[in-house]
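Undergrad: could you work out the structure for the sequence below:
(chains A and B)
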Amino acid sequence: MHPAFSVIFFTVSSGAGYGLLGLMAAYGLGDGLPLDPWFGWIGFILAFGLISFGLLSSLGHLGHPERFLRAFSQWRTSWLSREAVLSMATYAPAGLFSLYWLFVALPARNAGLWPVLPELLAGLAVIGCAATVVCTAMIYGSLKPIAQWRSRWVVPNYLAHSLFTGALLLHALAMTFAPGTEATAAVIGAGLVLSLIAKLGYWRSIDRLVGPSTPGSATGLGQFGDVRLLESPNTSENYLQKEMGFRIARKHARKLRVLALLFAYVLPFLLLLVSLVNMLGFWGVAAAVLAALSGLLGMLIERWLFFAQAKHTVMLYYGAPAA
Amino acid sequence: MTSLPTPTAKKLGLVIDLDTCVGCHACAINCKQWNSGGVAAPMTDIEPYGADPSGVWFNRIHAFEVGEGDTGRTVHFPRSCLHCETPACVTVCPTGASYKRAEDGIVLVDESKCIGCKLCSWACPYGAREYDITEGVMKKCTLCVDRIYNENLPEAERVPACVSTCPASARHFGDLGDPGSKVSQLVADRGGYALMPEQGYAPVNRYLPPRQKSSCDSAAKAAPVALAPTAPDSAGKFLQWIDRLLA
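TA: Coordinates of the predicted model:
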């Protein structure tokens, strides 16, 4: 599949944003959110910014972005529509919770100034963030013609990557503005391990994957023998070939996987160790920020591969021996 | 509405005979011609006379080689929308632009609602949908919905453009939901099949397989058939002699 940059930026950026927002809400729920104005303001602005930038970037690949309101109508059947509805719905509790935090809790230096309501909003925000990420994953996971995306690893991947990148951002913010928030180390560790397991599991599953269809079943001519393309219908590439026929050489894919692992997991892991050793020093802060940037870069490479390594069944009609 | 309608008896579709298709592309050309002025117009072309021409086509004709040696053959393979009974291209649409008609099963795009997200084209394993980059909307075969019910046309022309133009009569149009219809009979007689049933889309269109070809070997080995003399006695000795000579 053609890796469209608008979609890659959208999924990585909004994934990290939902991870950060969901974690801030979850920490708020557990009274673990540092009562620091800088942390609060920058954290919520960054989370909402990444989500909104991602959503706007996804409009960039539409033919008629001005009609986007229509995309909220078909939530009964369409995961894309569900994602649109849930992403907007999540703004409400998450936005109200952040307002409570920034304008009530922080000035009073008291997280539990109001009973019940903030917890309720934070709880809804956590659910909304997770549900939106699941919808993003299911847009891909529901497409039968792309065997690599039908993998049951796709939803765990999107959730774990969102948690991991969100945790990296949260850790960088906590290190910078509220040092001593140990809980992030546990969350970030869990995020890293889950994300790495999901990624390796996904790659392993798609490497062995053989789609259900063949040139023989695509044409129905398999009963007469081996089917191969003699003549393409068109002399230069058409929309289908440009959109679905993107291919990446196996050796490049291997190289990019190594880069993705390096930037998404190895470097962040080492940098996190530095940041935990030097909790209160400059190098600890710098390492935490670099870990987050490296993790996001790794995720961009990973997401690019997610598209580039996905093969569409329609290419069986254009000479692909398997889909 | 992208929820699928409750299935109705009528399933309009095409039956394509791979035995007689000669791969002349006339169906694709007539499709392009009709639809350039039809409901889905324009059928945009980009650089049609340039080095790298591209454009929107609802019907594309592939050619495949099948089998090896004596039994190997070339099969011309027209590919267009199969108007599936459970089309994921419809259910994935976030806007309701894609829909399946309850009354005859035709799958259509309401271009005025399409946001051009292309997800429907990703959801189709058959490559039936092509994005129009200049219009910013998705386009697809309409089964010539603006011909088949068009009372301004003579009745004989109320068939899809591709069917009306095929010089080999390899394309047939009709109601595949009615077991008594001509197309259903044709499918039953010739062992017509659906493409990629394993994808679970339940296509309506059917393809008729190429007929078994007699092998060169068996034709060569068969002994020449001797004719029996047929001239009656009344023909005379001379004609009977010639008859025996030629038999």
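Undergrad: surely residue B:53 touches residue B:46?
TA: Yes. If you go by CB atoms under 8 Å, residue B:53 and residue B:46 touch, sitting 7.0 Å apart. Where C-beta positions appear, they are placed from N, C-alpha and C, glycine not excepted.
Undergrad: residue contacts, the residue in the stretch 151-300 of chain A that chain B sits nearest to?
TA: Residue nearest to chain B within the stretch 151-300 of chain A: residue A:225 (2.9 Å; CB to the nearest CB). Going by CB atoms under 8 Å, 6 or more residues apart in numbering or on different chains, residue A:225 touches B:66-68, B:71-72.
Undergrad: lowest-confidence entry in those?
TA: Confidence by pLDDT is poorest for residue B:71 among the contacts of residue A:225, given 83.
Undergrad: circling back to that earlier point, how close does the residue of the stretch 151-300 of chain A closest to chain B sit to residue A:219?
TA: Distance of residue A:225 to residue A:219, computed by CB to CB, to the nearest Å: 11 Å.
Undergrad: Three-state assignment for residue A:230, please.
TA: Reduced to three states with DSSP: H, G, I helix; E, B strand; the rest coil, the structure at residue A:230 is strand.
Undergrad: pull the number of nearby residues for residue 142.
TA: If you meant another chain, say so; for now it's chain A. Neighbour count for residue A:142, taken as other CB atoms under 10 Å in any protein chain shown: 20.
Undergrad: nope, chain B
TA: That count, for residue B:142 with other CB under 10 Å as the rule, works out to 23.
Undergrad: that older thread, who touches both of residue A:225 and residue A:219?
TA: Shared contacts of residue A:225 and residue A:219, defined by CB under 8 Å, 6+ apart, are found at residue B:66.
Undergrad: residue 161: neighbouring residues, count only.
TA: I went with chain A, as the question did not name one. Residue A:161: 29 neighbours (other CB under 10 Å).
Undergrad: nope, chain B
TA: Using other CB under 10 Å: residue B:161 sits among 23 other residues.
Undergrad: do residue B:189 as well
TA: Residues lying near residue B:189 (other CB under 10 Å) number 9.
Undergrad: any idea which element it lies in?
TA: Using DSSP states H and E, residue B:189 falls within helix B:182-190.
Undergrad: beyond that helix, next helix or strand please.
TA: Toward the C-terminus, helix B:182-190 is succeeded by strand B:206-208 as the next helix or strand (DSSP H and E).
Undergrad: where does the prediction get shaky in the chain?
TA: Reading this off chain A. Applying pLDDT under 70 to chain A flags the ranges A:181-182.
Undergrad: ah, no, chain B please
TA: B:1, B:214-226.
Undergrad: check it for the residue nearest chain A and tell me.
TA: For chain B, CB to the nearest CB, closest residue to chain A: residue B:116, 2.0 Å.
Undergrad: that residue and residue B:136 touch, don't they?
TA: Yes. Applying CB under 8 Å, one finds residue B:116 in contact with residue B:136, separated by 4.4 Å.
Undergrad: tell me, what's touching those two both at once?
TA: Residues touching both residue B:116 and residue B:136 (CB under 8 Å, 6+ apart) are A:62-64.
Undergrad: highest neighbour count among the residues you listed?
TA: Taking other CB under 10 Å as the neighbour criterion, residue A:64 ranks highest of those with 20 neighbours.
Undergrad: in the strand or helix carrying residue B:34, what's buried?
TA: Here residue B:34 sits within helix B:26-35, counting by DSSP H and E. Buried positions in helix B:26-35, judged by neighbour count with 16 or more other CB atoms under 10 Å in any protein chain shown: B:26-32, B:34-35.
Undergrad: of the residues you listed, which ones also sit close to chain A?
TA: Checking the buried residues of helix B:26-35 against chain A by CB under 8 Å from any CB of the partner chain, the ones in range are residue B:28.
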